[in-house]
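A predicted structure for the sequence below; I have some questions about it.
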Amino acid sequence: MPKEFRKYIKVRFYGSLNDFLPHARRQTDNRVGFWGKPTVKDLIESQGVPHVEVFLVLVNSQAVNFNFRPAEGDLISCYPKFDSIPYPEGALHPKYPNPPKFVLDVHLGRLAAYLRLLGIDTSYCPNYSDDAIIGISADESRIILTRDKGILRNGAAVLGYFLRSTDPAKQLEEVAGYFNLKPYFNPFSRCSLCNGQVHQVDKQHIKNLIPHTTFRIYKEFFRCTGCGQIYWEGPHYERIKRLIDKYLR
């Protein structure tokens, strides 16, 4: 039989942090048992909440960091990102890059393409390992986007967000809203394949690289400075533009 806990504290989560909890444990004080002297971070993540989404922790109404070790009977209050009021001194909110830039896990290829089409700096490779994603985030100050809580619970992860939706279009809405991306949108400025910068090119310089009919029909062409991919306003352009226009309103 498992040993009974000898010490207990109360933990309450606010706002969007409740997304990670069963319905019966949302918006209420939860009695949490523990042994030894765990940190606040340990206790928060034992409840299934990734530490990277916690922007403020109060223990008995006093702001603390993740390394703080609470005592039996303490009340831990955890708050998510919020924009309507200023953060108090001692808040944990991470310094997001400005403009925001991201690294996505291997299951988010469609979202990566959407973000790049909107001009958002997005690192993605279908072969990235979890360690590679965390390393890129740390080395390049990129925000991790994932549906794998394990990545975000890694102690080396600092910047991150757990996507609630499994639908790429809704995921884009989530990310755009949470990180206030609209001011940074610059449609068609990045390559959807490699994230490189896209610039207009003289069509004569690429005449031998595209079909003759395409060269004859279209006047403007664009090329990625990274992978060399060539773009033009073909039949797919209007479909993509409708998606993008939705986020530019």
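In hand now; what should we look at?

List the buried residues for the helix or strand harbouring Ile136?
Using DSSP states H and E, Ile136 falls within helix 130-140. Neighbour-count burial for helix 130-140 flags 130, 133-134, 136-137 (criterion: 16 or more other C-beta atoms under 10 Å). In short, each C-beta sits where N, CA and C put it, glycine included.

those helices in the protein, which residues are they?
Secondary structure of the chain (DSSP state H): helices at 40-46, 109-117, 130-140, 149-152, 168-178, 212-217, 235-248.

So which of those is the most surrounded?
Compared across those, helix 109-117 shows the largest average neighbour count, a mean of 22 (mean count of other C-beta atoms under 10 Å).

Which other helices and strands does that helix contact?
Packing partners of helix 109-117 (3 or more C-beta pairs under 8 Å, 6 or more residues apart in numbering; DSSP states H and E): strand 102-104, strand 122-123, helix 168-178, helix 235-248.

out of the ones you listed, which comes closest to Asp83?
Smallest distance to Asp83 across the helices and strands packed on helix 109-117 (C-beta to C-beta): 9.9 Å, for helix 168-178.

hang on, the earlier thing: any idea which of the helices and strands packed on helix 109-117 gets closest to Val201?
In terms of C-beta to C-beta, the element of the helices and strands packed on helix 109-117 nearest to Val201 is helix 235-248, at 16.5 Å.

packing partners for the closest one?
helix 109-117, helix 168-178.

Show me how far it is from its chain's centre.
23 Å (C-alpha atoms, centre = their mean, to the nearest Å).

How about stretch 178-191?
Distance of stretch 178-191 from the chain centroid (C-alpha atoms, centre = their mean) equals 14 Å.

quick one, longest strand in this protein?
Counting residues, the longest strand found in the chain (DSSP state E) is strand 7-13.

Report the central residue of this structure.
The residue lying closest to the centre of the chain (C-alpha atoms, centre = their mean) is Leu145, at 3.2 Å.
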